[in-house]
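>>> Next one to model:
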Amino acid sequence: MSYTLSIADKGQVETSPASGFVVDLVTLAEAKNYLKQDYGTLTVEDTLVKDLIQSARTWIEQWIGQSIIKKTITAYTSDEMEYFTLPMPPINTITTVHRIALDGTATLLTLNTDYYSIGVQSITVCMYPVWSTSGGSIVGLKVVYDAYMAEVPKAIKEACLALVSHMYFNRGADVGMPAGVIDKLKPFRKL
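Numbers count the residues shown, from 1 in each chain. This next block holds a predicted model:
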């Protein structure tokens with residue numbers, strides 16, 4: 001199965017996460033407390049720590065193959081397969097599914113008529129009705145959906161803080177990934 005992704009990441013580091021979904025993996029206050037750094041009112045250090053939080057979270061999401069914070073993902077596939085398992089679970093909602101024709105036009109498909117959704121958090125879209133009625137005129141599919149964790153496991157937050165600390169205290173050094181981070185994340189990895 002092959003696909004390409006376009007991801008609109010909604011993440012930002014705030015001191016109090018918005019209700020309903022994770023704004024970012026850890027707050028600036030949590031990271032500063034973990035780092036045990038008191039650099040006063042140096043906003044440049046706050047900016048650096050916020051950037052490290054976002055970098056750590058992005059790396060963790062890529063490594064575990066899951067979306068932690070809310071993002072809108074557009075997945076494209078041109079494989080004529082019966083089932084398309086959407087990447088970067090957990091999937092919250094599928095917004096749209098389009099069939100892309102040879103001439104580039106996109107046709108909106110209807111759930112439970114043109115395609116079927118199978119699964120709970122790792123959703124597989126059954127595309128058999130699409131391909132079986134296409135007559136070879138389809139070049140691909142475009143699926144737009146929202147994905148995020150409703151609740152982030154403590155081990156993932158701990159891994160993020162450890163990674164932020166590692167990057168903060170080893171600026172500019174190529175020292176590799178701390179083994180403890182990988183160990184904490186292994187149970188969450190989707191292959």
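>>> Break the chain into its domains for me.
Here the domain assignment for the chain is 4-68+150-188, 75-144, based on automatic domain parsing.
>>> Give me the mean pLDDT for the shortest one.
Right, the one you point to is domain 75-144. Taken as a whole, domain 75-144 has an average pLDDT of 77.
>>> distance between the ends of that domain?
Chord length of domain 75-144, first to last residue, is 6 Å (Cα to Cα, to the nearest Å).
>>> Excluding chain neighbours, what is closest to residue 95?
residue 144 (4.4 Å; Cβ to Cβ, 6 or more residues apart in numbering). From N, CA and C alone the C-beta is placed, and that goes for glycine too.
>>> Can you give me the distance of the one you found to residue 104?
17 Å (Cβ to Cβ, to the nearest Å).
>>> Between those two, which is the more surrounded one?
With neighbours defined as other Cβ atoms under 10 Å, residue 144 and residue 104 compare such that residue 144 has more, 16 against 7.
>>> Return the distance of that one relative to residue 78.
Distance, residue 144 to residue 78, by Cβ to Cβ: 16 Å.
>>> Parallel or antiparallel, list what pairs with the helix or strand hosting the residue nearest to residue 95.
In the assignment (DSSP states H and E), residue 144 maps to strand 138-147. Sheet pairing of strand 138-147 (DSSP bridges) gives strand 71-77 (antiparallel), strand 91-101 (antiparallel).
>>> Return the set of buried residues in the shortest one.
Spelled out, that is strand 71-77. By neighbour count on 16 or more other Cβ atoms under 10 Å, the buried set for strand 71-77 is 71-75, 77.
>>> Then the last one?
Within strand 91-101, the residues scored as buried using 16+ other Cβ under 10 Å are 91-92, 94, 97-100.
>>> Show me what secondary structure element comes after that strand.
strand 106-108.
>>> Which secondary structure elements does that next one sit against?
With contacts taken as 3 or more Cβ pairs under 8 Å, 6 or more residues apart in numbering; DSSP states H and E, strand 106-108 sits against strand 91-101.
>>> got the CA coordinates for the strand it packs on in PDB?
C-alpha atoms of strand 91-101 as PDB (Å, rounded to 0.1, in the frame of the first residue of the first chain):
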ATOM      1  CA  ILE A  91      -8.700   8.700  13.700                       C
ATOM      2  CA  ASN A  92     -11.400  11.000  15.200                       C
ATOM      3  CA  THR A  93     -13.500  11.800  12.100                       C
ATOM      4  CA  ILE A  94     -13.300  11.300   8.400                       C
ATOM      5  CA  THR A  95     -14.300  14.600   6.800                       C
ATOM      6  CA  THR A  96     -14.400  13.700   3.100                       C
ATOM      7  CA  VAL A  97     -13.400  10.900   0.700                       C
ATOM      8  CA  HIS A  98     -13.000  11.900  -3.000                       C
ATOM      9  CA  ARG A  99     -12.400   9.800  -6.000                       C
ATOM     10  CA  ILE A 100      -9.900  11.400  -8.400                       C
ATOM     11  CA  ALA A 101     -10.500  10.900 -12.100                       C
END
